[in-house]
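> no sequence for this one, just the structure:
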Ligand SMILES: O=c1ccn([C@H]2C[C@H](O)[C@@H](CO)O2)c(=O)[nH]1
């Protein structure tokens with residue numbers, strides 16, 4: 001499937017506007033294109049109990065997965081950062097589990113971009129195979 005990264009990034013920007021960030025004021029948006037051609041949005045949703053905060057990346061992937069869309073084609077993430085946004089460690093692990101080789105577009109509002117994958121973002125990452133000897 002050909003990926004329209006401009007459109008995916010536009011969707012991520014739209015999702016970013018919906019972020020709930022009373023604590024950090026740092027809004028992040030994500031959009032994931034699935035194999036059926038649908039785009040699912042994600043935004044960060046914060047919580048007065050700070051560790052409960054949900055990031056945009058996990059929000060988008062969870063929305064898609066929950067809708068039965070488990071095959072991902074591409075993911076875009078955007079924030080108001082000096083360069084392309086850097087996903088947090090938890091999101092790197094989350095993406096690595098569900099789609100280690102997913103094309104990921106990281107961007108900022110000025111549309112400085114970086115193409116990467118969860119495998120590249122989390123070298124030597126803990127994976128389902130890591131558990132194999134203990135099952
Ligand atoms: O890639 C990232 C980085 C940070 N955040 C969120 C978590 C928190 O709500 C806020 C500040 O860390 O940004 C994301 O959603 N995605």
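That came in fine, so what should we check first? Predicted, not measured: the structure shown is a model, and the values here were computed from it.
> Would you mind measuring from the residue nearest the centre of the chain to the ligand?
For the chain, residue 57 is the residue whose C-alpha lies nearest the centre (Cα atoms, centre = their mean; 2.6 Å). Counting by Cβ to the nearest ligand atom, to the nearest Å, the gap from residue 57 to the ligand is 6 Å. To be clear about C-beta, it is placed using only N, CA and C from the backbone, and glycine gets the same treatment.
> got the contact list for the closest residue to that residue other than its chain neighbours?
Leaving out its chain neighbours, the residue that sits closest to residue 57 by Cβ to Cβ, 6 or more residues apart in numbering is residue 91, at 4.1 Å. For residue 91, the contact set (Cβ atoms under 8 Å, 6 or more residues apart in numbering) comprises 55, 57-58.
> would TSV of those residues with distance to residue 68, pLDDT and secondary structure be doable?
Putting those into TSV (distance: Cβ to Cβ, whole Å; pLDDT from 0 to 100; DSSP: H, G, I helix; E, B strand; the rest coil) gives the following:
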residue	distance to residue 68	pLDDT	secondary structure
55	22	98	coil
57	19	98	helix
58	18	98	helix
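> what would those look like in TSV with distance to residue 81?
What follows is those, written out as TSV (distance: Cβ to Cβ, whole Å):
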residue	distance to residue 81
55	14
57	14
58	18
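> nearest to residue 10, of the residues you listed?
residue 57 (17.2 Å; Cβ to Cβ).
> what sits against the closest one?
Counting by Cβ under 8 Å, 6+ apart, residue 57 touches 28, 30, 42, 75, 77, 87, 91, 94-95.
> 6 Å instead?
30, 77, 87, 91 (Cβ atoms under 6 Å, 6 or more residues apart in numbering).
> likewise residue 29?
By Cβ under 6 Å, 6+ apart, the residues touching residue 29 are 12-13, 15-16, 43, 56, 78.
> Return the members of the residues you listed classed as buried.
12-13, 15-16, 43, 56, 78 (16 or more other Cβ atoms under 10 Å).
> Sort out which of those are in helices and list them.
Judged by DSSP state H, those include 12-13, 15-16, 56 as members of helices.
> among the residues you listed, which two are most distant?
Pairwise across these, and taking Cβ to Cβ, the largest span is found between 13 and 56, at 11.2 Å.
> Good, we can wrap up now.
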